[in-house]
Structure formats: C-alpha cells, structure tokens
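[1] Have a look; sequence and predicted model below, questions after that.
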Amino acid sequence: MAKLIPKPKMTAAEAIYVPEIAKGLGVTIGRFFTNTFSSRGSENNQIDTVDYPEEKRTYPERFRGIHRLTHRADGSPRCVACLCCSTACPAQCIHIEAAEYPAGDPRAGYERYPRVFVIDELRCIFCGFCVEACPCDAIRMDSGMHMPPSTQREHFIFDKAMLMAIPAADGSFETANPRHEPGESSHPGIDRKRGH
Amino acid sequence: MDTVLLLAAVAKILFALVLVLTFSPVLVWADRRQSAMIQDRVGPNRAGIPIGDKNFALAGLLHPLADALKFMWKEDFIPPKADKLLHALAPIISVIPTIAAFAVIPWGDTIWLDHLNEVLPAEPTGRQIAFQVASLNVGILYIFAVGGTGVIGAAIAGYCSDNKYALLGGIRAAGQMVSYEVTLGLSLVSCFMLYNTLLLENMVEWQVLHHWGIWYQWPAFILFYAGSIAETKRIPFDIPEGESELAAGYFTEYSGMKFGMFMMGEYIAMVVSCAIMTAVFFGGYDVSIQLPWDQTDIFRIGRDGIHGLPIASIPYLPDLLARYLPDWVLLGYLPLKHWIVSVLYALSFIVKTTILLWLTLMIRWSLPRFRYDQVMKMCWRYMLPASLGWIFITGMFILL
C-alpha cells in the first residue's frame, strides 16, 4: 500500500519567498565576508585548502609510498630472492632474478641474493601485498613519497640500485627489525656450518 | 557639428564600450572567486605571468584572459546538419543588443565644456554634453526594445543547432524571456508614473531633487530585480541551460569563441540590468544622505561641490571641535571643480552598479534552480498580478 504523505504547509512568510531568500542570503553573505576579510589560517577563516605544490601535507605513517629495498648492516640488500613478493603481486610488476653468493661468502649456499630486482611502478597498484609477503622485511613501502610524475616511461622502471637508494621517511636505509646473520650467536640455528 | 562635440561623442562611446567589455571578464573572475569564498574554497588563483622565478597571479584575475585565449584556439565546431548561417548569427544577436543597450545609460550629470576647470556656476552657459552616449526620447523603452532581441539569439541558437537538447533549451529560453519581459516592463511602469518621465537622465534628476526611488518603489525594485535575473537567464532562473536536464541548453552545440560570446552576452546583460536599477532606483550618479522626512541634506555631492550640514550653525558647538575641524566641514560646503565632480559622479554610478552586481552574484550562489513550471507559474500567477497591483497602488498615491 502506498502511503500518502501530505505536503508540508508553508507559512505566509515562506510562501512569499522573499524573506526566505533574505535569510539564505544572510548565511552566504556572512560566509563571504568572514572568508574574504580574514587571512588564511586565522580563526574565522573557514578555508581549509592546502596550496599543494607550495605547501605539502605529510603523508600518514602507514601511507604506502614507492617501494624501497632495505639494507643489511653492511649495505647489501636484505632480500634473499625468495620470489614471495613477485608471487604475491597481483599486478605482476616485480621481476626478480636470483643468484648465488660467490663461494667463500658466509652466506653462500645458505641464501641467495637478487641479481636483478625491477619494479614497474606504472603497473604497481600500491596494494602492499609484497610487503606483507616478504619473510625478511626486505621490501617496504614506508618511503613516504608518492611516485613523482614524469612523461617518460623509463623513469617508472625502478631497478635494484634505484630501489636501494630510496630511504625510509625517517631517512634510514635499514629497518627496525633485527637481522640475524648466519654465524652470529643470535642466529636461531640452521646453517650449513652447524649442521641441521 | 562642432569638432569638440564630435570628439566628445566618440569618447563617450569608447568609454561605455571599454567599461562594458572590461566589466564582463572581471565579472567572470568575481563569479568564480566569490563563489569560492561562499563555499569555503580558494577559487582559481594559478594562471599568472611568470616574471623571473615568480608567478604574478593577481588573485586569479588572469584566468578570464586564459579563458579567452583558450576560446580562440578551440575548434569552432558546427554540427554537420546545422544551419550554418543561423549558427554563426545567433551568438552575435545575443551579444550586440546587450552592448547597444548601454547607449542610453546616464553615467553622470551634464558636462559643461566651458566650465570644466572651475566651480560650476548656478546658471552655466556654453557647450554642454550629456554624459550618456545617446539621449533618446523613448528612453528606457529603447532598452526593452533592444534587450528583447536577446530572445531571438537564444531561440535561434536552439533552433539551428540540430540538437534536441538545444531545441528544448531554445524553447525554454524563448518562453521564459518573453514571459518575464512583461513583468519587467510592468514593474517599471509605476516608476514612470512617479517620475513622470521615460528618460533615464530625468529619472535620476527627479531622484536628486527628491529621495532615491528605492524608498518609494521598493516592491517594484524587488519585482524588477527578480525579472531581470530571469531575463539574463541566471540561477535560479537558468532552466534554459539547465545542465542536469539539457546538457548545456541552447548553446550545447557551441564551442570556442561563439560559446564565449554567449557567456559574454549573459554577463553584459547583467551589467545592463544592474545599471538600469542604479539609475531608476538608486539615484544614478547621485551621492547623498538625506533626512527621511524632508529633503534636508546631511551629505551631498552637488554640481558645485560637496554640501553638508553647516556644523558651525549648531549652538553651543564645543570649542575643540570648532578649532580642529577643517573650515569646509564647519561651513558645510567644499567647492569642487566641475571635472572632479563629473569624475566623482561617474565613479559613484559604477560603484553602485558594482554593488548590485555583487548582490546578483550572491543570489546566484545562494539559491537552487526552479523547475520550469515553477518559473512560469511564478511569472504569470504571482509577479504579473503583483506588478499590476503595485501600479494600481502607486496610481492611488499619486492621485491622492
């Protein structure tokens, strides 16, 4: 059953319309004068616009910016080329070629390193799955930067050197999570020397 | 004809034309910035002239200039099945009459060429120029006649575009503008009766002698104001171009400078209607504050200088006041040269028009759009009887 809603009755002042216009104009004119004759940022001024290129708002702490590859204490990448991130990536924008450390290196035979690590920032959808997938905390998106605009496609293809040169928002190249190198006493145990 | 008079005529035409053509881009700017201020935004403030490494944006004043440049470079598209002649003619028809309407608007009092550099005597002689392009004996009827042709522009634009939206917009524009022209005319009839003249300059003179027309004719002012907003097709009466229903209404198929001309025509029509209201209701070029119950001046810029209340004649005037106030304040009279007075008059007319334009923009950004049936109902059922009724009441008052 349709329910009939009666039309609201207007008072005489509302029906004439002119007093109501004057009321509405009062609101807009008041707003106009407070905004025009007060400086931006002062108490009365209601304009919250940020003048972007001149004035930048810092991104929130958990903002997913462009990727960076975190460093170990010796400056080499933490990445062990396990391909978890490129597997998790829904946009398939990560390309990794794994390689063995040279013989004699303490990490040789224990873990690998990325010979090539390329992220196509144009394909990236900034979902953060790669960061979540990484078992080594080697890839992070805490740079606090968005991809700077460019007219050239090559500028968006970030290689390993580029990714390692991007610092976190606080300027560091490492992460807060400790890294336990094989051979160190803090290392949980499994390595080739000590046996299984 | 005297060479000086000829030169003066050319100068007057140039003055009116330049004024009108600068008003419209400034209005575009004001429209944008003002709406921004009302809506807590910043508004366009980027387009500027880079000098060195600084960008001189002048608070966004250069955006209309950038717009004009863009209009000129855009493709001038004509729909394949459109009437090419009418399509080109329509924007011209909607702009030229609005500019032509400025011919009869009195910007200031009569200028006496032989007395320019002295205080005007009580009975000036010699060559005189009316400070308006043409003093026609039909006066304000000329504005209605010329302004009425604006309908043709909108209707033709809608008809010739070969677009259903444009056609609907054109029909709406024609219907609305013809309807409101009636109210517009009738609401001024009471003013003709009161001022006993059709000439805008004589109306202003009447208001100089008495009070401003707004005190006697405020209902006519409200009716005329509403009618003139409808006539210029501005919000809340902009249904001919109601973009939520009709794409862009009658100028859907226009691009580039032709669209720019429609826009310019709209803004110029606004200036015309505000200038008429200044002349008819707000004393034109007159600057005066009077006591409401008689014609005693508290302040007035007269033909021969600034008049005020003679403070010196007040009994028991405090000594300090008498010592430090300048003489002309005490005497209540400061003689000014004729050319200064003329400039002041023109300025006061422009300032009054600007204030009215500001209010028009304010209304445009405050009210929602009417429905088409509401617009028509308001015109024929309410505003037309109201204006007729006001004519009747004014007539009674004049007779009594």
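    Here it is on my side, so go on.
[2] How about the contacts made by B:Leu186?
    B:384, B:387-388, B:391 (C-beta atoms under 8 Å, 6 or more residues apart in numbering or on different chains). All C-beta spots, glycine's among them, are computed from the backbone N, C-alpha and C.
[3] Skipping adjacent residues, who's closest to B:Ser179 in space?
    Distances taken as C-beta to C-beta, 6 or more residues apart in numbering or on different chains place B:Cys379 nearest to B:Ser179, at 4.5 Å, with adjacent residues excluded.
[4] B:Ser190 - how many residues pack around it?
    Neighbour count for B:Ser190, taken as other C-beta atoms under 10 Å in any protein chain shown: 27.
[5] What average pLDDT does the top strand by length along chain A get?
    Counting residues, the longest strand found in chain A (DSSP state E) is strand A:112-120. The predicted model assigns strand A:112-120 a mean pLDDT of 92.
[6] is it true that A:Val131 touches A:Cys124?
    No - contact between A:Val131 and A:Cys124 fails when scored by C-beta atoms under 8 Å: they sit 11.7 Å apart.
[7] need the contact list for the residue of the stretch 201-350 of chain B found nearest chain A.
    Using C-beta to the nearest C-beta, the single residue of the stretch 201-350 of chain B nearest to chain A is B:Ile222, 6.3 Å away. B:Ile222 makes contact with A:Val18 under the criterion C-beta under 8 Å, 6+ apart.
[8] what about it, which helix or strand?
    helix B:213-231 (DSSP states H and E).
[9] again with B:Met376
    Here B:Met376 is covered by helix B:372-377, with elements defined by DSSP H and E.
[10] how far does that helix sit from the chain's center?
    Relative to the chain's own centre, helix B:372-377 is displaced by 26 Å; criterion: C-alpha atoms, centre = their mean, to the nearest Å.
[11] who's in contact with that helix?
    Contacts of helix B:372-377 with the rest of the structure, by C-beta under 8 Å, 6+ apart, involve B:172, B:175-176, B:179, B:230, B:237, B:239.
[12] at 7 Å instead, please
    Applying C-beta atoms under 7 Å, 6 or more residues apart in numbering or on different chains, the contact partners of helix B:372-377 are B:172, B:176, B:179, B:237, B:239.
[13] could you dump those to a markdown table with pLDDT, secondary structure and neighbour count?
    Output for the contacts of helix B:372-377, formatted as a markdown table (pLDDT from 0 to 100; DSSP: H, G, I helix; E, B strand; the rest coil; neighbours: other C-beta atoms under 10 Å in any protein chain shown):
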| residue | pLDDT | secondary structure | neighbour count |
| --- | --- | --- | --- |
| B:Arg172 | 88 | helix | 26 |
| B:Gln176 | 88 | helix | 24 |
| B:Ser179 | 88 | helix | 20 |
| B:Phe237 | 85 | coil | 25 |
| B:Ile239 | 81 | helix | 26 |
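[14] who in chain A is up against chain B?
    A:18, A:21, A:24-25, A:28-29, A:31-32, A:35-36, A:46-47, A:49 (C-beta under 7 Å from any C-beta of the partner chain).
[15] Low-confidence stretches in chain A?
    Applying pLDDT under 70 to chain A picks out residues A:182-183, A:187-196.
[16] What's the separation between the residue nearest to B:Ser179 and B:Leu186?
    Using C-beta to C-beta, to the nearest Å, one obtains 11 Å as the distance from B:Cys379 to B:Leu186.
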